[in-house]
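In: whatever this is, show me its structure:
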Amino acid sequence: MTSDTRKGPQGVAEAEAFAADLDVGARNPTGWQGKLIALVALVWAFAQVFNASPLPAILAQATGQSWIYINSDVERVLHLTFGLTLATLAFPAFKQSARDHIPWYDWLLIAAGLYATLYLLVFQTAIADRPGLWTTGDVVASAVGLAVVLVATYRALGLPMVLVAFFFLMYVFFGDRDFFPDAMQWKGASFSKAMGHFWMQTEGVFGLALGVSASMVFLFVLFGSLLEKAGAGNYFIKLAFALMGHLKGGPAKAAVVASAATGLISGSSIANTVTTGTFTIPLMKRVGFPAEKAGAVEVASSTNGQLTPPVMGAAAFLMVEYVGISYLEVVKHAFLPAIISYIALVYIVHLEAEKMGLEGLPRQGIKRSAVQRLTGLVLGLAIFCGLSLAIYYGLGWLKPLLGDWSLPGMALLFFAAYMVLLNWSAKFPDLEIDDPDAPFTALPEPGPTAKTGYYYVLPVVVLIWNLMIERLSPGLSAFWATLSMIFIMLTQHPLKAMLRGQGMTDWGRGWSEFLDGMIAGSRNMIGISVATGTAGIIVGTVSLTGAHQVIGEFIEVISGGSLLLMLIFVALFSLVLGMGLPTTATYIVITSLMAPVIVAVGAKSGLIVPLIAVHMFVFYFGILADDTPPVGLAAFAAAAISKGDPIKTGIIGFSYDVRTAILPFLFIFNTELLLIDVTPLKAVFVFIVAVVAMMLFAAATQNWFLAKSRLWESAALLLIAFTLFRPGFWLNMVEPEFTERPGAAAYAVAAEMPDGADLRIRIAGPDFDGGHTSSTVMLNLGGAGDGESRFMNAGLMTLEEDDKTVVDGVTWDSKLTDLQTQFAFGDFDDPVVVDAVLIENDRMPKEVFYIPALALLALIAWLQLGRARRQTAAV
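Out: Purely as a prediction, here's the structure:
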């Protein structure tokens, strides 16, 4: 928590200021200083858009001036330069610091930041020629740079992240001292070596995280900011209320849906809370929700907004680099858990409304029968699915049809669709931002409300086209989507006026919204830019000292080698660390320290855990920390609007969110939830089963299903939910999953496997601590051949010796490089060997166990329906 917000806000206006203070900076001076902040933000936004476009490469080739094209290293430096400058300009240093002007000491800090960053650009050739041989000037610039980064981090993100970074710095310099436990000590580093490592190279501040922030995250955050300023945020809120406000606890359900939609354009849970909560929380209170529960629903919804692709609190783009998979793969893996989490939250809200006997808000127009409502729901789902399929397969069909003309062809189609949807929108009044304190009479009709903003979907279609069909990079895809959004912003108001017969007026409004969106996008990026820079200090410490091995071994020891216990410790570590750090920083720190260890411990216990599952696990618990008392800042913002107690709001919000925390544990053991190695038909089946299981889990923890549950019924619902989530657990108890064959038969088994087959083996041998260890790995054997060549194809160098299959090491291009840190290869007296070959057994389908689970569910439903009818009759 920043020094400006210790007491928390006291009302709606204060909540908005509170969110601004945390996300974009509280300082808005008048006069030339205010214009300077806006100008720096605008220049940053335009520079990022220009550099993401194809123009630099085209101009560099046309003019022969290579400096026009900015490489990745320079881009990172300029990105941090703007971030540090705006952090100093927009975020006051202390609570008592001026908000209406920039004090003199901030100008000195800006100068120091410019000196340290621009030093890298001015002397980049000389620095590249003396790697590791740092001069006094290098060391001074590095020390100044690190100091400015930490000060900017304190301003934008508060003290906790600075303390974490400071602890890691102390470990670098004093890791050989006695006040560190023997198991954690290392030899230490000189001041010159550490400063060069953190600032002069790309292993510290200017590392991978900052590079991702500069190349991808900025464009997506800017895209979301432009969508918000164009009116999409208000449209999503109004549409959610029009669709769901009439249901039981309708405003709360609408808050969940609106926050999910707002999560598409906002990576900040606090901004999401204030944006949607200003409208949703008063309406939740109006239909009967207590202040704390109304705030808690908004907090839980808004924090979960970071789960929603495409932005995901910037973590999606970091996963691309850390896990080594494409952005589309990350979105695919994140999609199902995000949808399940939101469905579970809507259901929790429904159960709360049922328990309190709450109704929805009145809707305008004729009341429809249950059959009409059901028909409308089915029709709506059919239209949504049809549009989704049309976008996916239609766009895929257009690409080969248009050929080399795909870009101009799609531009024409975009313009035609835009004009059709805009003409539709022009027939209805523009949506206004409502006053939450004004009297509320009835909900708007969903049809007219939806038609006012269908064209906001077009830039998202452009994004999908470029990512999925054109297969462009995330940064370039976001550029074209941003360009289409800018076109809509500048033209929507004049074209609507023309279509309404009012002439081509209102041009100024579009330009004003465009400039506001560009400025807001840059200010939204301040925290992310400095967070990724500071996280680079932590990641640089890990690479310099090997701290991840030390901490990993410590966690492994206290967990006793149990993967489940280790996951619990990592979850708690993520929650505690995430209380003071933004989600992105928590994700970077925990995955840097723990991701390889979780994979290794899983392999020792025979479970092959995909790296993406570990990263998603950490990400989920980092998000939960945003509403974890006593620091949960989103809870303070929501409580300001609801006039409730912030700590109680945070506790209730956390209790809602923590019910979805079962998902990360489950997709570690059941990777089908991440859509890993599943067919499209199987994906639909997995989705339906997972939704039912999550709803049953929510019902069990709420102690209410169709009526108030008895204790045994809640326990049974938990058992049913577990069975639906992980039927393989029961199947493994009935039939073993694998048959073990001796390691000596490894070559024979490999030679018999078909082309492209995977072979699971267990490797055992000496480690670097004088003991023995084991690890289970999956080998992709490639094409047909003898056993030795197929093992080589899979990345293992092996030989047969004395009835053993000895592992000599991994190949240079192997994906099994983690084995080099686990095993001491090359010991002829005690070699590393293939201990066993694990052949998967032909077993009955694990889904068989759904039958008794569903039978038990039917029994509980029958009992509760009868009890509910008797209670209704008695009333």
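
In: where do the helices of the stretch 151-300 of the chain begin and end?
Out: Applying DSSP state H, counting those that start in this stretch to the stretch 151-300 of the chain gives helices spanning 159-174, 191-195, 208-212, 218-230, 232-244, 250-263, 269-286, 291-304.

In: kindly report the same for the stretch 701-850 of the chain.
Out: Under DSSP H, counting those that start in this stretch, the stretch 701-850 of the chain gives helices at 711-725, 728-734, 746-752, 787-793, 819-822, 850-874.

In: out of these, nearest to residue 82?
Out: Proximity to residue 82, assessed across those by CB to CB, is greatest for helix 819-822 (37.9 Å). From N, CA and C alone the C-beta is placed, and that goes for glycine too.

In: give the buried residues for that closest one.
Out: Within helix 819-822, the residues that qualify as buried by neighbour count (16 or more other CB atoms under 10 Å) are 819, 822.

In: what's next to that helix, contact-wise?
Out: For helix 819-822, contacts defined as CB atoms under 8 Å, 6 or more residues apart in numbering pick out 549, 596, 600, 763, 767, 773, 775, 777, 809-810.

In: of all the helices of the stretch 701-850 of the chain, which one is nearest residue 211?
Out: helix 819-822 (24.7 Å).

In: send the alpha carbons of the closest one over as PDB?
Out: C-alpha atoms of helix 819-822 as PDB (Å, rounded to 0.1, in the frame of the first residue of the first chain):
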ATOM      1  CA  LEU A 819      18.200 -33.000 -16.100                       C
ATOM      2  CA  GLN A 820      21.600 -31.400 -16.100                       C
ATOM      3  CA  THR A 821      20.900 -29.600 -12.800                       C
ATOM      4  CA  GLN A 822      19.400 -32.700 -11.200                       C
END
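
In: pull the distance from that helix to the chain's centre.
Out: 30 Å (CA atoms, centre = their mean, to the nearest Å).

In: just stretch 221-233 next, same as before
Out: Its chain's C-alpha centre lies 18 Å from the corresponding centre of stretch 221-233 when counted by CA atoms, centre = their mean.

In: hmm, back to that, closest one to residue 242 among the helices of the stretch 701-850 of the chain?
Out: Nearest to residue 242 among the helices of the stretch 701-850 of the chain is helix 850-874 (30.0 Å), distances taken as CB to CB.

In: what packs against the closest one?
Out: helix 711-725 (3 or more CB pairs under 8 Å, 6 or more residues apart in numbering; DSSP states H and E).

In: average pLDDT for the helix it packs on, rounded please.
Out: Averaging pLDDT along helix 711-725 gives 92.

In: what's the angle from it to helix 850-874?
Out: 140 degrees (axes from the mean of the first three to the mean of the last three CA atoms, to 10 degrees).

In: buried stuff in helix 711-725?
Out: 713-714, 716-718, 720-725.

In: among the residues you listed, which two are most distant?
Out: Farthest-apart pair in the buried residues of helix 711-725 is 713 and 725; separation 18.6 Å (CB to CB).

In: re the thing from before, the contacts of helix 819-822, buried ones only, as a PyMOL selection?
Out: The buried residues among these can be selected in PyMOL (16+ other CB under 10 Å) with this line:
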select buried, resi 596+600+763+773+775+777+809+810
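
In: and residue 735, backbone torsions?
Out: Reported as degrees, to the nearest 10, the phi and psi values for residue 735 are phi -130, psi 130.

In: residue contacts, it?
Out: Listed by CB under 8 Å, 6+ apart, the contact set of residue 735 reads 841, 843-844.

In: now residue 259
Out: 272, 276, 298, 301-302, 304-305.

In: if you set the cut-off to 10 Å instead, what comes out?
Out: For residue 259, the contacting residues are 236-237, 240, 266, 269, 272-273, 275-277, 280, 297-305, 308, 342, 345, by CB atoms under 10 Å, 6 or more residues apart in numbering.

In: kindly report the same for residue 604.
Out: Residue 604 makes contacts with 556, 561, 563, 762, 764, 773-776, 822, as judged by CB under 10 Å, 6+ apart.

In: can you say which of these are buried?
Out: Looks like those have 556, 563, 762, 764, 773-776, 822 buried, using 16+ other CB under 10 Å.

In: could you export those as JSON lines, including pLDDT and distance to residue 180?
Out: JSON lines is the format used below for those (pLDDT from 0 to 100; distance: CB to CB, whole Å):
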{"residue": "556", "pLDDT": "72", "distance to residue 180": "19"}
{"residue": "563", "pLDDT": "79", "distance to residue 180": "28"}
{"residue": "762", "pLDDT": "91", "distance to residue 180": "35"}
{"residue": "764", "pLDDT": "91", "distance to residue 180": "33"}
{"residue": "773", "pLDDT": "85", "distance to residue 180": "25"}
{"residue": "774", "pLDDT": "87", "distance to residue 180": "30"}
{"residue": "775", "pLDDT": "88", "distance to residue 180": "29"}
{"residue": "776", "pLDDT": "89", "distance to residue 180": "34"}
{"residue": "822", "pLDDT": "82", "distance to residue 180": "25"}
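
In: comparing the helices of the stretch 701-850 of the chain by mean pLDDT, which bottoms out?
Out: Per-stretch mean pLDDT for the helices of the stretch 701-850 of the chain is lowest at helix 819-822 (a mean of 82).

In: still on that earlier bit, can I get the buried residues of helix 711-725 in a markdown table with distance to residue 260?
Out: Formatted as a markdown table, the buried residues of helix 711-725 follow (distance: CB to CB, whole Å):
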| residue | distance to residue 260 |
| --- | --- |
| 713 | 30 |
| 714 | 28 |
| 716 | 30 |
| 717 | 25 |
| 718 | 26 |
| 720 | 26 |
| 721 | 22 |
| 722 | 26 |
| 723 | 28 |
| 724 | 23 |
| 725 | 22 |
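
In: which of those sits closest to residue 855?
Out: Using CB to CB, the buried residues of helix 711-725 come closest to residue 855 at residue 720, 9.6 Å.

In: tell me how many other residues crowd the residue lying closest to the closest one once chain neighbours are set aside.
Out: Of all residues not flanking residue 720 in the chain, residue 853 sits nearest, at 4.6 Å (CB to CB, 6 or more residues apart in numbering). By other CB atoms under 10 Å, 21 other residues sit near residue 853.

In: just the one 10 residues further on next, same as before
Out: Around residue 863 there are 16 other residues, counting by other CB under 10 Å.

In: you'd agree it is up against residue 713?
Out: Yes - because the distance of 7.4 Å satisfies CB atoms under 10 Å, residue 863 is recorded as touching residue 713.

In: hey, what's in contact with both of the two?
Out: Overlap of the contact sets of residue 863 and residue 713 (by CB under 10 Å, 6+ apart) consists of 705, 707.

In: what sits against residue 102?
Out: 27, 29, 33-34, 36-37, 88-90, 92, 110.

In: what about these, which are in helices?
Out: Among the contacts of residue 102, the residues falling in helices (DSSP state H) are 33-34, 36-37, 88-90, 110.

In: now the contacts of residue 259: which count as buried?
Out: For those, a burial check counting by 16+ other CB under 10 Å picks out 236-237, 240, 266, 269, 272-273, 275-277, 280, 297-305, 308, 342, 345.
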